[in-house]
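Q: Have a look at this prediction, sequence included:
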Amino acid sequence: MSKKIVSVQDISCYGQCSLTVAQPVLSAYGIETAILPSAILSTHTGGFTGFTVHDLTEEMPKIIKHWEDEKIKFDAIYTGYIGDIRQFDMVKDMKKTLLKEDGQLIVDPAMADYGKLYVALNEDIVKGMRSITREADIVLPNLTEAAFLLDIPYNENPNEEEVSSILKGLTDMGPETAVLTGVSYEEGKIGAVAYNKKTGETTSYFATKIERNYHGTGDIFSSVIIANLMNGQSLQTALEDACEFIVKCIKQTLDDDTHGYGVKFEEVLAARR
Ligand code: PXL
């Protein structure tokens, strides 16, 4: 039976990140995807100036309450960018009331990149992300986010031993599985390394590195990983699919100078079948 998940993150109306990528990606992989928007922004906050933000903290409990009344249950709660600290307790409450018995809380602590927090965020958001990570089953940070979660200095280029220690630190916080993105052990290759503390297994996949950064790729990466796992695929298959998916999206976007704000994932998604 196909899985049903709810994703809690913002709607950046323009810019190809958060819910406007998570929803189509998950749907295309056959996952029923409900959304709980945490805020509505005119654009994402990376590279645009003068963006508008309409916080939805007041609305969220009403939506959650209605779902509880309707006895709606999800196989997973997938959280991303969260801009208001009151929403972290809501996520923890949702875990109790809206998850199926064997359902999973999956946290993408989308809050930082390249050693820095996103412009609209602060240390309180980091604390909140730590608090939901402690309750998560799976956490999917990039190297910067992992450093913030663990309160350790940001290491742009950790070696295998350092990556193992980061992954161990993340799973020590609570999650059974941690997936660390942006890892590179050799020139020209970049990918992700995952660790499952129950099996003790470390899995990795590295794809061709393209020297260009785009916003939203972390959100697409997490969505592809989550879609694969929900569909019963192995972590190895999930990592491979997500890394190669991102490479294709970047290749699709590179030649368009007007499209620096995100990647063109649509054609990659459409070409999957
Ligand atoms: O892609 C992560 C993300 C999500 N939501 C908002 C953002 C960003 C990254 O900058 O600004 C609002």
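A: All right, it came through fine.

Q: what residues does the stretch 1-150 of the chain put near the ligand?
A: 10, 12, 17, 18, 41, 44, 45, 46, 81, 110, 118 (C-beta under 6 Å from any ligand atom). For glycine as for every other residue, the C-beta is placed from the backbone atoms N, C-alpha and C.

Q: quick check, nearest of those residues to residue 220?
A: residue 17 (8.3 Å; C-beta to C-beta).

Q: Around that closest one, count how many other residues there are.
A: 30 (other C-beta atoms under 10 Å).

Q: Show the pLDDT at it.
A: The model reports residue 17 with a pLDDT of 97.

Q: Quick check: it touching residue 44?
A: Yes. The pair residue 17 / residue 44 is scored as a contact, 4.8 Å apart, by C-beta atoms under 8 Å.

Q: Overlap in contacts, these two.
A: When contacts are counted by C-beta atoms under 8 Å, 6 or more residues apart in numbering, the set common to residue 17 and residue 44 consists of 215, 216, 262.

Q: How about the last one: what's its closest non-neighbour residue?
A: Across the structure, with C-beta to C-beta, 6 or more residues apart in numbering as the measure, the residue nearest residue 262 apart from its sequence neighbours is residue 16 (3.0 Å).

Q: just the first one next, same as before
A: Nearest-residue entry for residue 215: residue 46, 4.4 Å, with adjacent residues in sequence omitted and distances by C-beta to C-beta, 6+ apart.

Q: Name the SS class of the one you found, please.
A: Under DSSP: H, G, I helix; E, B strand; the rest coil, the three-state class of residue 46 is coil.

Q: Pull the number of nearby residues for it.
A: 19.

Q: For it, which residues are in contact?
A: Contacts of residue 46 (C-beta under 8 Å, 6+ apart): 15, 113, 118, 119, 215, 261.

Q: Out of these, which end up buried?
A: Burial by neighbour count, 16 or more other C-beta atoms under 10 Å: within the contacts of residue 46 this picks out 15, 113, 118, 215, 261.

Q: Please point out which parts of the lowest-mean-pLDDT helix or strand in the chain sit buried.
A: The weakest-scoring helix or strand in the chain, judged by mean pLDDT, DSSP states H and E, is helix 266-270 (a mean of 95). Within helix 266-270, the residues that count as buried by 16+ other C-beta under 10 Å are 268, 269.

Q: At which residues are the helices of this protein located?
A: With DSSP state H as the criterion, the chain has helices at 19-28, 60-69, 86-97, 123-134, 143-150, 160-172, 217-230, 235-253, 266-270.

Q: Many thanks, we can stop here.
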